[in-house]
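S.K.: Fold the following, please.
(2 chains)
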Number of protein chains: 2
Amino acid sequence: MSDPKYLTGDKAAINGFIDRFDVFLFDCDGVIWSGDHVFEGVPETLELLRSKGKKIVFVTNNSTKSREEYLKKFKGLGIPSTVEEIFGSAYSSAIYISRILKLQAPKNKVFIIGEAGIEHELRSENIPFIGGTDPAFRRDITEQDRQGLADGSLLDPDVGCVLAGLDLHINYLKLAHALQYLRRGAVFLATNTDSTFPSHHTVFPGAGSISAPLAYMTGREPLALGKPSQAMMDAVEGKFRLDRARTCMVGDRLNTDIKFGVEGRLGGTLAVLTGVSKRADWEAEDAVAVPAFYVDKLSDLRAVEL
Amino acid sequence: MSDPKYLTGDKAAINGFIDRFDVFLFDCDGVIWSGDHVFEGVPETLELLRSKGKKIVFVTNNSTKSREEYLKKFKGLGIPSTVEEIFGSAYSSAIYISRILKLQAPKNKVFIIGEAGIEHELRSENIPFIGGTDPAFRRDITEQDRQGLADGSLLDPDVGCVLAGLDLHINYLKLAHALQYLRRGAVFLATNTDSTFPSHHTVFPGAGSISAPLAYMTGREPLALGKPSQAMMDAVEGKFRLDRARTCMVGDRLNTDIKFGVEGRLGGTLAVLTGVSKRADWEAEDAVAVPAFYVDKLSDLRAVEL
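M.R.: Numbers count the residues shown, from 1 in each chain, chains lettered A, B, ... in the order given. Model prediction:
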């Protein structure tokens, strides 16, 4: 692996970089914005790429929002976009279930631990589900629940898959249900397995903290449908029919974004220094992944000749 | 490791076995009872041992009940016992915190994720705590919580330890609090790390499913105060001043009970076949632990000469 090429301030190199690719996959947090603050010059940079005929896809592990809800965030922050440009891990999960897993009816129902974004995307692929935001699951476990879980009378016999994503309403009853479905052979999926997610200048429990207890209880690891899982890359490729050699992944995290692009054998990866990872991270001997290019910030790409 | 000696039906061997020990540590579920059903002859077997001057200690990983509550269960099931004979993982945790960890005031408060049994035992050792069954933590997370967790205003600066046990009211707000305390350097303890616990002829999420997401988020493993952790053995030894060479651990599970006794270098371990583990488990090449003795059921020890 050669050293990453530093592009900031090097017009010729930036030109060459942009010309190498037709598609740019973007991580959002730490690249486009931090929380609700859009980095300066980013909307213009995206417009520049579009004006050169580049395809743009926002690839995010956030599973709580559907693509429509994500689009609202983009618009609210002044970033022109379309639903078709947004690829979240809830959508990735729906695509995987409907087009790759192809559960056969009647055992094709999904037990969701997660928020409305997952429900919305599963609905868009006509995937039957239970759980999720259903108020029936938002309560304490009772003796009656325990009996019904044990004798199976409380379980839906059509559930063939457990999908775990970030759930702000996680509770014991949901974990106990998921445990029973998994013990009865349900496929184990996770929208993503991020241990935490950054917000308010600190971190909060991520989707991985929801699947972790299930993995611990069953001794089974979920198939993750978010970065850096290649199941997500396969779903992105399937949807956009992209040429991997002409595609570049742009992100701030080596262990998710850059690893995602490198393991997906994309034509290139671009690291930005406005998020989590720093130069020292890929210069370390045990670096989890090394980008092909890097810039201080995404808007440095605007220094290109128009 | 030599083969375990089979005692059932062998009077002389049983006599020799009992004479070797002054103290018997008993696991409960799968040995004394299964759920609410006491195995036949068990109360008489315990009385036999007591009549021979043996010290009896019930060592359980259940952290939801205090020793007093456990005593009620014993009495309700017709097994004479005293609080002093009961050693649960909540009590073990309290002993560890007060006598070994010795947190210095003011940073000596414990953030509990768990039920009343833990609170009761911490109170018995005069350990200050927050969390636990406090209704203030039994609700959804709000934007105000997020801000208060991020800027620290919602956090108690005196918390120096997070103790995670089985919590039937686990939720996102508690996980988010624990994550912040752990990131700020709190000691990470778990009453025990059992992935599941058996009930109603199936299994439900155990205490380990509460600490697992915290371990996953922080990259730190908790110190467990239940079997097979030797921190529990140290606490048992400290309390009862027992001679390990003259002590025998009795249990049904190789990976908790028998491992606990073997790693604790006790004089002996006795497996009973009324619970989880079977002969084939210790005869397997990769057996997690091999008992020194075994019987079909605990009451087989009654075949001794009186």
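S.K.: Which strands or helices does the helix or strand of chain A with the lowest mean pLDDT pack on?
M.R.: When each helix and strand of chain A is scored by mean pLDDT, DSSP states H and E, strand A:196-199 comes last, with a mean of 86. If contacts are counted by 3 or more Cβ pairs under 8 Å, 6 or more residues apart in numbering or on different chains; DSSP states H and E, strand A:196-199 sits against strand A:202-205. (Each C-beta comes from the backbone N, C-alpha and C, glycine too.)
S.K.: which neighbours does the strand it packs on have in its sheet, and in what orientation?
M.R.: Paired neighbours of strand A:202-205 in the sheet (DSSP bridges): strand A:196-199 (antiparallel).
S.K.: Quick check: buried residues in the partner strand?
M.R.: For strand A:196-199, a neighbour-count test (16 or more other Cβ atoms under 10 Å in any protein chain shown) marks A:196-198 as buried.
S.K.: now, among these, which is nearest to chain B?
M.R.: Nearest to chain B out of the buried residues of strand A:196-199 is A:T196 (Cβ to the nearest Cβ; 5.4 Å).
S.K.: ok, what's across the strand from the closest one?
M.R.: Beta bridges link A:T196 to A:P205, judged by DSSP bridges.
S.K.: Any residues of chain A in contact with chain B? List them.
M.R.: Residues of chain A lying near chain B by Cβ under 8 Å from any Cβ of the partner chain: A:140-141, A:146-147, A:149-151, A:167-172, A:175-176, A:179-180, A:183, A:195-196, A:199-206, A:208-210, A:212-217, A:219.
S.K.: Centroid-nearest residue for chain A?
M.R.: Nearest to the geometric centre of chain A sits A:N61, at 2.0 Å (Cα atoms, centre = their mean).
S.K.: Is A:G165 in contact with A:S93, as I believe?
M.R.: Yes - if you go by Cβ atoms under 8 Å, A:G165 and A:S93 touch, sitting 7.5 Å apart.
S.K.: So between the two, which is more surrounded?
M.R.: Using other Cβ atoms under 10 Å in any protein chain shown, the more surrounded residue of A:G165 and A:S93 is A:S93, with 35 against 29.
S.K.: Tell me the spacing between the residue of the stretch 1-150 of chain A found nearest chain B and B:T202.
M.R.: Of all residues in the stretch 1-150 of chain A, A:A150 sits closest to chain B, at 3.6 Å by Cβ to the nearest Cβ. Here the criterion is Cβ to Cβ, to the nearest Å. By it, A:A150 lies 4 Å from B:T202.
S.K.: what does A:Q144 give?
M.R.: Separation of A:Q144 from B:T202 (Cβ to Cβ): 15 Å.
S.K.: got it, and A:P213?
M.R.: For A:P213 relative to B:T202 (Cβ to Cβ), the value is 17 Å.
S.K.: Please compare those two by neighbour count and tell me which comes out ahead.
M.R.: A count of neighbours by other Cβ under 10 Å puts A:P213 above the other of A:P213 and B:T202, at 26 against 16.
S.K.: Now do the host helix or strand of the more buried one: distance to the chain's middle.
M.R.: Per DSSP states H and E: A:P213 is located in helix A:208-218. Per Cα atoms, centre = their mean, to the nearest Å, the displacement of helix A:208-218 from the mean C-alpha position of its chain is 18 Å.
S.K.: Name every strand pairing with whichever helix or strand comes after it and say which way it goes.
M.R.: Once helix A:208-218 ends, the next helix or strand along the chain (criterion: DSSP H and E) is strand A:223-224. With DSSP bridges as the test, strand A:223-224 is paired with strand A:187-190 (parallel).
S.K.: can you list the residues that contact the partner strand?
M.R.: Contacting residues not belonging to strand A:187-190 are listed as A:93, A:96-97, A:101, A:103, A:160-165, A:182, A:207-208, A:210-211, A:214-215, A:218, A:220-226 [Cβ atoms under 8 Å, 6 or more residues apart in numbering or on different chains].
S.K.: repeat that with 7 Å
M.R.: Strand A:187-190 is contacted from outside by A:93, A:101, A:160-165, A:182, A:207, A:211, A:220, A:222-225, using Cβ atoms under 7 Å, 6 or more residues apart in numbering or on different chains.
S.K.: ok, which stretches of the stretch 201-306 of chain A are helices?
M.R.: For the stretch 201-306 of chain A, applying DSSP state H, counting those that start in this stretch gives helices covering A:208-218, A:230-240, A:259-263, A:279-283.
S.K.: List the buried residues in the second one.
M.R.: What that stands for is helix A:230-240. Quick answer for helix A:230-240 (16+ other Cβ under 10 Å): A:231-237, A:240.
S.K.: cool, the third one as well?
M.R.: Residues of helix A:259-263 classed as buried: A:259-262 (neighbour count, 16+ other Cβ under 10 Å).
S.K.: for the residues you listed, which one is nearest B:S51?
M.R.: Relative to B:S51, the closest of those is A:K259; by Cβ to Cβ it sits at 65.7 Å.
S.K.: residue contacts, that closest one?
M.R.: A:K259 neighbours (Cβ under 7 Å, 6+ apart): A:228, A:288-289.
S.K.: can you put those residues in CSV and add neighbour count?
M.R.: CSV is the format used below for these (neighbours: other Cβ atoms under 10 Å in any protein chain shown):
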residue, neighbour count
A:P228, 26
A:V288, 16
A:A289, 22
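S.K.: possible to save the residues you listed as JSON lines with pLDDT?
M.R.: Converted to JSON lines, these look like this (pLDDT from 0 to 100):
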{"residue": "A:P228", "pLDDT": "96"}
{"residue": "A:V288", "pLDDT": "94"}
{"residue": "A:A289", "pLDDT": "96"}
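S.K.: Now the common contact residues for A:G165 and A:S93.
M.R.: By Cβ under 7 Å, 6+ apart, the residues touching both A:G165 and A:S93 are A:118, A:191.
S.K.: Domain map for chain A?
M.R.: Split into domains by automatic domain parsing, chain A comes to A:5-61+A:228-303, A:104-224.
S.K.: Select, out of these, the one closest to B:F17.
M.R.: Of all the domains of chain A, it is domain A:104-224 that lies closest to B:F17, at 34.9 Å by Cβ to Cβ.
S.K.: Ends of that closest one, what's the gap?
M.R.: This stretch, domain A:104-224, spans 21 Å end to end (Cα to Cα, to the nearest Å).
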